[in-house]
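Undergrad: sequence plus predicted model, see below.
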Amino acid sequence: MKIADLITWFETWANPAWCESWDNCGWQIEPGLLQQKARVLVCLTPTLAVMQEAIAENANLIFAHHPLIFTPPKSLRSGEAIAEMVRLSFKHNIGIYTAHTNFDQVQDGTADVLAQILELKEVTPIESTQAGLGYGRIGSLEPFMTLQELLAAIQTRLAPPNLIFSPSADLQQTISRVAVLGGSGASFISAVAKSGAQAYLTSDCKFHQFQESRDRNLILIDAGHYATERPACDRLVQKFQSLNLDWVQLSKKDEDFRQFLD
């Protein structure tokens with residue numbers, strides 16, 4: 001499959017026109033390779049380490065969730081990360097394509113994969129954007145779990161380096177309804193609290209957002225940005241493999257930019 005055909009297939013599923021106004025979805029760098037057979041390295045974040053991996057693997061497309069460019073740079077100077085990515089992209093003929101908030105909304109996107117990992121049933125979006133699309137997912141646990149069991153399942157299935165959750169007097173309380181949203185989901189706390197969900201799995205939550213959740217009787221669970229979004233990248237690799245591409249692989253150099261002292 002040519003790169004042009006792969007992108008057409010993907011955009012039929014997750015149209016970049018659906019991304020938010022502040023976002024930057026679609027081509028970040030396209031050095032003139034649309035008619036080449038696709039050799040794809042999938043990653044969460046396009047970094048210099050991922051670019052070097054793509055060069056070593058003879059890939060010609062880095063397919064990322066996070067944009068390389070959020071704010072248009074005013075200059076490109078040697079030694080700066082974005083400038084180096086641009087230089088290496090054109091030197092080695094490797095494109096960089098991003099699917100961000102458009103990928104968040106769709107079936108088998110970031111939130112949907114989290115809901116599948118937790119085996120949620122009767123799933124609906126936290127916030128619908130259009131027919132069949134939306135941010136986050138809310139569903140039922142069948143069978144129900146205690147809070148302690150739910151936390152253990154998240155730890156086992158997502159393997160976050162650090163798991164933060166709201167203080168609770170009773171880890172044995174029964175949890176029947178859970179909301180999930182990969183990446184930064186604190187802005188949806190109010191909508192989740194109104195939905196009837198008892199627990200909300202997301203990331204990048206601040207001190208007072210845990211306070212807000214407690215005051216709304218919602219258990220907030222922060223598993224980290226990387227752990228909540230990386231599984232969708234793995235699922236994307238599986239989808240690409242079903243297209244019989246010349247080569248596709250999940251990046252081994254993708255990074256969680258946070259470390260925790262044991």
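TA: Structure received.
Undergrad: can you verify my assumption that Gly32 contacts Asn93?
TA: Yes - counting by C-beta atoms under 8 Å, Asn93 is a contact partner of Gly32 at 7.4 Å. C-beta coordinates here come from the backbone N, C-alpha and C atoms, glycine included.
Undergrad: the more surrounded of those two?
TA: More crowded of Gly32 and Asn93, by other C-beta atoms under 10 Å: Asn93, with 12 against 9.
Undergrad: any idea of the pLDDT on the more buried one?
TA: Looking at Asn93, its pLDDT reads 98.
Undergrad: how about residues contacting stretch 185-202?
TA: Contact partners of stretch 185-202, identified using C-beta atoms under 8 Å, 6 or more residues apart in numbering, comprise 114, 118, 126-127, 135-136, 138, 147, 150, 154, 175-184, 203-206, 209, 212-213, 216-223, 228.
Undergrad: any of those buried? List them.
TA: Among these, those classed as buried by 16 or more other C-beta atoms under 10 Å are 114, 118, 126, 135-136, 138, 147, 150, 154, 175, 177-183, 203, 205, 209, 212-213, 218-223, 228.
Undergrad: still on that earlier bit, just the contacts of stretch 185-202: which are in strands?
TA: Applying DSSP state E to these, the entries found in strands are 127, 135, 138, 175-184, 203, 219-222.
Undergrad: what's the helix or strand for the most far-flung residue of the chain relative to its centre?
TA: Distance from the C-alpha centroid of the chain, by C-alpha atoms, centre = their mean, peaks at Ala169 (31.5 Å). If you go by DSSP states H and E, Ala169 is not part of any helix or strand.
Undergrad: from Arg216, how far out is it?
TA: Using C-beta to C-beta, to the nearest Å, one gets 16 Å for the distance from Ala169 to Arg216.
Undergrad: what's around Phe70, how many residues?
TA: For Phe70, using other C-beta under 10 Å, the count is 12.
Undergrad: isn't it right up against Asn24?
TA: Yes - Phe70 is in contact with Asn24 according to C-beta under 8 Å; the separation is 5.8 Å.
Undergrad: residues contacting the closest residue to Gln173 other than its chain neighbours?
TA: Spatial nearest neighbour of Gln173, excluding adjacent residues (C-beta to C-beta, 6 or more residues apart in numbering): Leu147 at 5.3 Å. Contact analysis of Leu147 by C-beta under 8 Å, 6+ apart lists Ser168, Asp170, Leu171, Gln172, Gln173, Ile175, Ala199, Ile219.
Undergrad: now do Gly182
TA: By C-beta under 8 Å, 6+ apart, the contact list for Gly182 reads Asp104, Thr110, Ala111, Val113, Leu114, Thr202, Ser203, Thr228, Glu229, Pro231, Ala232.
Undergrad: I'd say the third one and Asp104 touch.
TA: Translated: Ala111. Yes - contact criterion C-beta under 8 Å: Ala111 and Asp104 qualify, at 6.2 Å.
Undergrad: so Ile189 is in which element?
TA: Secondary structure from DSSP H and E places Ile189 in helix 189-195.
Undergrad: shared neighbours, Ala111 and Asp104?
TA: Here Ala111 and Asp104 share the contacting residues Tyr135, Gly182, scored by C-beta under 8 Å, 6+ apart.
Undergrad: out of the two, which sits in the busier spot?
TA: Applying other C-beta under 10 Å to Ala111 and Asp104 shows that Ala111 carries more neighbours, namely 32 against 28.
Undergrad: excluding chain neighbours, give the residue nearest to the spatially most central residue of the chain in space.
TA: Centroid-nearest residue in the chain: Glu229, 3.1 Å away (criterion: C-alpha atoms, centre = their mean). In this structure, Glu229 finds its nearest non-sequential neighbour in Gly182, 4.3 Å apart by C-beta to C-beta, 6+ apart.
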